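**Q** Pasting a predicted model and its sequence here:
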Amino acid sequence: MGMTMDDFFFMALAAGVGVSMVAGPLGCFVVWRRMSYFGATLSHSALLGVALGLLLGVNPMIGVVATCIVIAAAVFSMERDPRFAADTILGILAHGMLALGLVAIAFLDNVRVDLMGYLFGDILAVSTNDLIWIYGGGAACLLILGMIWRGLLSMSVHDELARVEGVPVSAMRLIFMLMIAFVIAIAMKIVGIMLIVSMLIIPPATARRFARTPEQMAFYAVIVGSLSVLGGLAASATIDTPAGPSIVVVAMVLFFATAMPGVARRQA
Amino acid sequence: MIDSELQTPLIRAENLTVSRGGQPVVNKISLTVNAGEIVTLVGPNGAGKSTLIRALLRLIDCDSGVIQRKPGVTIGYVPQQLEIDPTMPIDVRQFLRLGELSSEEDMKRALEEVGVAAVIDTPMQGLSGGETRRVLLARALLRDPDLLVLDEPTAGVDFGGQAELYELIRTIRDSRQCGVLLVSHNLHLVMAATDRVLCLNHHICCEGQPDAVTRNPAYLELFGSEAVASAMAVYTHHHDHQHDLTGAPIEESGHQHHGHDHG
């Protein structure tokens, strides 16, 4: 064992597992509802949120959540415009907002901003305050998700059928969007803005092969996500790779490793 | 049904208009569905049938007109399409429980009622087109609906299966005495299972009993000579069987179709 099991490592591990616990179940819905590009658009907007947070002197996480909500609302209202495909609007906002964020950060010349940290994660710099955000907010998120699980699942299967059966679809969509914004805010520290969507997408995609129910898939996604964090941090500690990208690489390796013939349990 | 004039309709629409891009897709349509009655909307593709259904279900807004539901009415809905993402692992049992938190016993009974008792453990994505329709119907029935709304209940089902499905819908109406509003693009198949037909092409072209509608010039113009030929072929066939007390057809052997293909 060459790696040093110091406090930094355990703080980072606790943060990464905490994020995985929320990102796994929420990510399942992102996968089921084919919203990965939507997630990417929100996460790319997060840098602008950081800049606004610093500019206004509030916690950057609050800036990120607020910006994500505004962008999500913009996407929802513009998606109804028949002149543009949803895909085009997401593309415009994703790249436009990232660029705007970079420009806004450049204006903050009195604050030193660790741009690389925001873009690609800085998990080894996780503070106790971050952990409180991750676990406090994460617990609330999971509690809410548990309460709306069946309705959200129903509308992900068939939106109109769910509406006829009395699911308050608009409210659920809003709550879901708020939770995604929150996950982006807390995952930013772990893997960075550019790689956040991978935390939402890859563990559920891997979990899919082993799951027989939606709930199993959500649970396995937490396990796979946590293993990815552990593997990535271990690589970072032993061979000094960048932690955030290493986590994503491990997640991808797990995805392809379980995709090999004979590894996955056959579905009946 | 003598007292059908006296009862409150399950759903009633008056002068309903829904526009898309300035064009009325549904133009001043009025209709009612009473308990125990099967009302069929027929019309060519793009005639506004699904739009009308979705307006009645309050899934889309209307430009003008009134929709009244009988207070406390429960609606069971069978949508035209069900495309569950392949990444979602979900079997029939879990799918049914999304609608109503039913007991295992109720779910089995509902699946039996629609003739697919064996699929309860099957992944939804592994069902055939006909099985999917029946499972959707079972989910609607588990709500114990007063009104069943079915949008093209035979979409993705082969020709023989379509006739069976309409037969099933009639059986369900007979046993539950619920109202049924269904959309179909081929009237001749639903003839035997329909009390009233509304022929739709943005507005109502004609309406009435199925045999009267098929002889109506407006209907014939809308569907062309093909309608006449197939109506002759299938319509007569559909009247040559009997039903036992449970509503099941007695002469199954008379139900084979030969060389009649609807693209």
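**A** Perfect, I can see it now.
**Q** So which residues on the stretch 101-250 of chain B come close to chain A?
**A** Contact residues (C-beta under 8 Å from any C-beta of the partner chain) of the stretch 101-250 of chain B with chain A: B:121, B:123, B:136, B:139, B:143, B:149. In this view, the C-beta of every residue, glycine as well, is placed from N, C-alpha and C.
**Q** Would you reformat the residues you listed as a markdown table and include pLDDT and secondary structure?
**A** As requested, these are exported to a markdown table (pLDDT from 0 to 100; DSSP: H, G, I helix; E, B strand; the rest coil):
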| residue | pLDDT | secondary structure |
| --- | --- | --- |
| B:121 | 94 | coil |
| B:123 | 95 | strand |
| B:136 | 95 | helix |
| B:139 | 96 | helix |
| B:143 | 94 | coil |
| B:149 | 95 | strand |
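**Q** PyMOL command for the buried members of those?
**A** Entered in PyMOL, the line below selects the buried ones among these, by 16 or more other C-beta atoms under 10 Å in any protein chain shown:
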select buried, chain B and resi 123+136+139+143+149
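**Q** got a markdown table for the residues of the stretch 101-250 of chain B next to chain A, with distance to residue A:252 too?
**A** Rendered in a markdown table, the data for those read as follows (distance: C-beta to C-beta, whole Å):
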| residue | distance to residue A:252 |
| --- | --- |
| B:121 | 33 |
| B:123 | 26 |
| B:136 | 37 |
| B:139 | 38 |
| B:143 | 43 |
| B:149 | 45 |
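**Q** for chain B, what are the nearby residues on the stretch 51-200 of chain A?
**A** With C-beta under 8 Å from any C-beta as the criterion, the stretch 51-200 of chain A meets chain B at residues A:150, A:153-154, A:156-158, A:160-165.
**Q** run the last query once more with 7 Å
**A** Contacts of the stretch 51-200 of chain A with chain B, taken as C-beta under 7 Å from any C-beta of the partner chain, map to A:150, A:153-154, A:157-158, A:160-161, A:163-165.
**Q** all helices for the stretch 151-268 of chain A, in order.
**A** Under the criterion DSSP state H, counting those that start in this stretch, helices of the stretch 151-268 of chain A are mapped to A:159-164, A:169-191, A:196-208, A:214-239, A:243-259.
**Q** hmm, back to that, go through the residues of the stretch 51-200 of chain A next to chain B and say which is closest to residue B:8.
**A** Of all those, residue A:164 has the smallest distance to residue B:8: 20.7 Å, by C-beta to C-beta.
**Q** show me the residues around the closest one that make contact.
**A** Each residue near residue A:164 by C-beta atoms under 7 Å, 6 or more residues apart in numbering or on different chains is listed here: B:57, B:75, B:77.
**Q** Check those residues one by one and keep those near chain A.
**A** B:57, B:75, B:77.
**Q** Save the residues you listed as CSV, and put in neighbour count too.
**A** Shown next, in CSV, are the ones next to chain A among the contacts of residue A:164 (neighbours: other C-beta atoms under 10 Å in any protein chain shown):
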residue, neighbour count
B:57, 21
B:75, 23
B:77, 27
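**Q** burial of residue B:31, as a residue count?
**A** 20 (other C-beta atoms under 10 Å in any protein chain shown).
**Q** residue boundaries of the helices in the stretch 1-150 of chain B?
**A** Read by DSSP H, counting those that start in this stretch, the stretch 1-150 of chain B holds these helices, from start to end of the chain: B:49-56, B:92-99, B:104-113, B:129-141.
**Q** Kindly state the pLDDT recorded for the residue nearest to residue B:85 when sequence neighbours are not counted?
**A** In this structure, residue B:85 finds its nearest non-sequential neighbour in residue A:32, 5.1 Å apart by C-beta to C-beta, 6 or more residues apart in numbering or on different chains. pLDDT for residue A:32: 96.
**Q** now residue B:200
**A** The model's pLDDT for residue B:200 equals 84.
**Q** So it: helix, strand or coil?
**A** With DSSP: H, G, I helix; E, B strand; the rest coil as the basis, residue B:200 sits in strand.
**Q** my guess is it meets residue B:45, correct?
**A** No: the pair residue B:200 / residue B:45 is not scored as a contact, 11.4 Å apart, by C-beta atoms under 7 Å.
**Q** Have a look at those two and say which one is more surrounded.
**A** Higher neighbour count among residue B:200 and residue B:45: residue B:200, with 25 against 7, using other C-beta under 10 Å.
**Q** Report the beta-bridge partners for the more buried one.
**A** residue B:204 (DSSP bridges).
**Q** gap between it and chain A?
**A** 20 Å (C-beta to the nearest C-beta, to the nearest Å).
**Q** and if you look at residue B:46?
**A** Per C-beta to the nearest C-beta, residue B:46 is found 17 Å from chain A.
**Q** burial count for that residue?
**A** Other residues near residue B:46 number 11, with proximity taken as other C-beta under 10 Å.
**Q** and the closest residue to residue A:184 other than its chain neighbours, how many neighbours?
**A** Using C-beta to C-beta, 6+ apart and skipping residues adjacent in sequence, the residue nearest residue A:184 is residue A:43, 4.9 Å away. The number of residues packed near residue A:43 is 32, by other C-beta under 10 Å.
**Q** what about the strands in the stretch 1-150 of chain B?
**A** For the stretch 1-150 of chain B, the strands defined by DSSP state E, counting those that start in this stretch occupy B:11-20, B:23-33, B:38-42, B:64-69, B:75-78, B:147-151.
**Q** closest to residue B:95 out of those?
**A** strand B:75-78 (13.0 Å).
**Q** which of the contacts of residue A:164 lies closest to chain A?
**A** residue B:77 (4.1 Å; C-beta to the nearest C-beta).
**Q** Now for that closest one: which residues touch it?
**A** Residue B:77 touches A:161, A:164, B:57, B:140, B:149, counting by C-beta under 7 Å, 6+ apart.
**Q** Spatially, what comes nearest to residue A:113 if we skip its sequence neighbours?
**A** Nearest non-adjacent residue to residue A:113, counting by C-beta to C-beta, 6+ apart: residue A:105, 5.4 Å away.
**Q** Tell me, how many residues neighbour that neighbour?
**A** Neighbours of residue A:105 (other C-beta under 10 Å): 19.
**Q** Doesn't it lie inside a helix?
**A** Yes: counting by three-state DSSP, residue A:105 falls inside a helix.
**Q** and stretch A:144-160, average pLDDT?
**A** Here the average pLDDT along stretch A:144-160 is 96.
**Q** And for stretch A:88-107?
**A** Stretch A:88-107 carries an average pLDDT of 92.
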